[in-house]
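Asks: Need coordinates for the following:
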Amino acid sequence: MYSNPFKSHEREHELRLSGDYVTVRLDMENGKHVCKQHVQPYDSVFLDSVIDTFRALIKFVPGVIVGYVNSDEISLVWPTSRNWQENRILKICSILASYAGKELNNHYRSRITPGSVYTSTMDHLYFDCRAFSLSFHEVLPYIKSRQNCIIYGNLHWKAKQFLPDQVVQRHKTEKDKILLLKSINQDFENDPKRFSYGVIYTLAHGFDPEIGDFRQKEIMFN
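Replies: Model (predicted):
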């Protein structure tokens, strides 16, 4: 039988996650470049493709208890007790990054018209992935922190579509940016919630694209 003499080198840096929950965050590489080619501030072809990718990942990974998607970022959380891929970080990240890239490309290509502006971005859809562990009490604060970060980014990006950058930059806080958009009749609350606030998934309630701002809400995920 053949024995791989270099197997020990592969195992040398093989780390396994412990703790209560495995958590992954997938972020699209080159996302800013791709998004600049799209309809602003929200492009349904691209964003709905990412949401469909999120749905596919929920089915692919066994035992996901909570997940969140907004813009080009996806987070998933599942118990380490599921022992998926033996909780090996390198296996988890490599498999999920490649699977997410495959799904995003499939959903994206199914929506675009050949020869459209989307054609130029078809070869730039891929993800990086990072994996870490969380305790039970850290799960919801983590998911809410991702919404907090991305809402701020969405507000900033939307404002830049209508106003000079120096004006947007002067409005530092989330509240300031919300009021700025209202002042030019571009109320953030009127935007499609699945794009502005993102989509959450919980094992208890499934997918909710209309949840809106859940940072102050009680969320049951188990």
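Asks: Can you list the residue ranges for strands in this protein?
Replies: Secondary structure of the chain (DSSP state E): strands located at 21-29, 66-70, 73-79, 126-134, 199-202, 206-208.
Asks: Give the lowest-confidence helix or strand of this structure, using mean pLDDT as the measure.
Replies: Here the helix or strand of the chain ranked lowest by mean pLDDT, DSSP states H and E is helix 31-35, holding a mean of 67.
Asks: out of the strands of the chain, nearest to Lys158?
Replies: Nearest to Lys158 among those is strand 66-70; the distance by C-beta to C-beta comes to 13.2 Å. The way it works is simple: take the backbone N, C-alpha and C, and place the C-beta from them, glycine included.
Asks: looking only at pLDDT, what's the mean for that closest one?
Replies: Per-region confidence: strand 66-70 scores 98 on mean pLDDT.
Asks: Report all helices and strands that that strand contacts.
Replies: Using 3 or more C-beta pairs under 8 Å, 6 or more residues apart in numbering; DSSP states H and E as the contact test, the elements touching strand 66-70 are helix 44-60, strand 73-79, helix 139-160, strand 199-202.
Asks: can you do 10 Å?
Replies: Of the remaining helices and strands, those touching strand 66-70 by 3 or more C-beta pairs under 10 Å, 6 or more residues apart in numbering; DSSP states H and E are strand 21-29, helix 44-60, strand 73-79, helix 139-160, helix 193-196, strand 199-202.
Asks: Alpha carbons of the third one, as CSV, please.
Replies: Going back to what we said before, that points to strand 73-79. As requested, C-alpha coordinates have been extracted for strand 73-79 and formatted as CSV (Å, rounded to 0.1, in the frame of the first residue of the first chain):
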residue,chain,number,x,y,z
GLU,A,73,-21.2,38.5,3.6
ILE,A,74,-22.6,35.3,5.1
SER,A,75,-22.3,34.0,8.7
LEU,A,76,-23.3,30.5,9.9
VAL,A,77,-23.2,28.9,13.3
TRP,A,78,-23.6,25.2,14.3
PRO,A,79,-22.8,23.1,17.3
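Asks: helices and strands around that strand, which ones?
Replies: strand 21-29, helix 44-60, strand 66-70, helix 89-111, strand 126-134, helix 139-160, strand 199-202.
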